[in-house]
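S.K.: 3D model of this:
(one chain, ligands or ions: 1)
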Amino acid sequence: MRILIAEDDQVLADGLLRGLRTAGAAVDHVADGCEAEAALLTNTEFDLLILDLGLPRLHGLEVLRRLRARGSALPVLILTAADSVDERVKGLDLGADDYMAKPFALQELEARVRALTRRGMGGACATIKHGPLLYDQTGRVATIDGKLIELSARELGLLEVLLQRAGRLVSKDQLIERLCEWGEEVSNNAIEVYIHRLRKKIEKGPIRIATVRGLGYCLEKISG
Ligand code: CA
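M.R.: As a prediction, this is how the structure comes out:
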């Protein structure tokens, strides 16, 4: 899961970054509205935008308005001051999916993030089923035939992306974008290594990750 945080309060941003990374997300941070807009224009692989409305240079509501005007359906959680009912209403009217009024408990924000990203991925259900494989998006736990599969954070991230796009091609570049934060160097070779490890752990019975030479990978559809 890849999340963009647009928040100019550095202390709050640091707390969010720490919490969401611990929960297993790849998180990027910008501190003003123009940077947020630039990030959204250049990167389409985000699963969620956490958007403070009181941002310098470009107001959060304007960032949101432009995003929706471009036709993006990216889930957006807005952060507002406790007393700003008007802004909250405007934000929701402009197409925000949810809001949190400051101050809030990180735990609650994390729960809302999980709910929003599940919805964004086309299912309100917390569990994805792929043949004998069950993936619990809340606990980030995968089992095959009821047996727990031990996966590293990277392998989990990879499995998540492949499951969300089962039956479709996912390019190495897409995997890199989805899994990595800015400034993190992950090469094509590293992706191959992660895929290799993941295959060893999950390719059982009908579960197969196909390599589409030169293009990427595809978690093959299981019929029935
Ligand atoms: Ca602010």
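S.K.: For the ion, tell me whether the helix or strand harbouring residue 100 is touching it.
M.R.: Taking DSSP states H and E as the definition, one finds residue 100 inside strand 98-102. No - counting by CB under 5 Å from the ion, the ion is not contacted by strand 98-102; separation bottoms out at 8.8 Å. Where C-beta positions appear, they are placed from N, C-alpha and C, glycine not excepted.
S.K.: Against which helices or strands is that strand packed?
M.R.: Contact analysis of strand 98-102 by 3 or more CB pairs under 8 Å, 6 or more residues apart in numbering; DSSP states H and E lists strand 76-81, helix 85-93, helix 106-120 as its packing neighbours.
S.K.: which neighbours does it have in its sheet, and in what orientation?
M.R.: Partner strands and pairing direction for strand 98-102 (DSSP bridges) are strand 76-81 (parallel).
S.K.: just the angle between the strand it pairs with and helix 85-93, please?
M.R.: For strand 76-81 against helix 85-93, the angle by axes from the mean of the first three to the mean of the last three CA atoms, to 10 degrees is 180 degrees.
S.K.: Strands of the protein, start to end?
M.R.: 2-6, 26-30, 48-52, 76-81, 98-102, 127-130, 133-136, 141-144, 147-149, 170-171, 209-212, 216-219 (DSSP state E).
S.K.: Extract the C-alpha set from the second one and format it as CSV.
M.R.: What it means is strand 26-30. Provided in CSV are the C-alpha atoms of strand 26-30 (Å, rounded to 0.1, in the frame of the first residue of the first chain):
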residue,chain,number,x,y,z
ALA,A,26,5.1,2.8,1.9
VAL,A,27,4.5,6.5,2.8
ASP,A,28,5.7,9.7,1.1
HIS,A,29,5.3,13.1,2.6
VAL,A,30,5.0,16.6,1.2
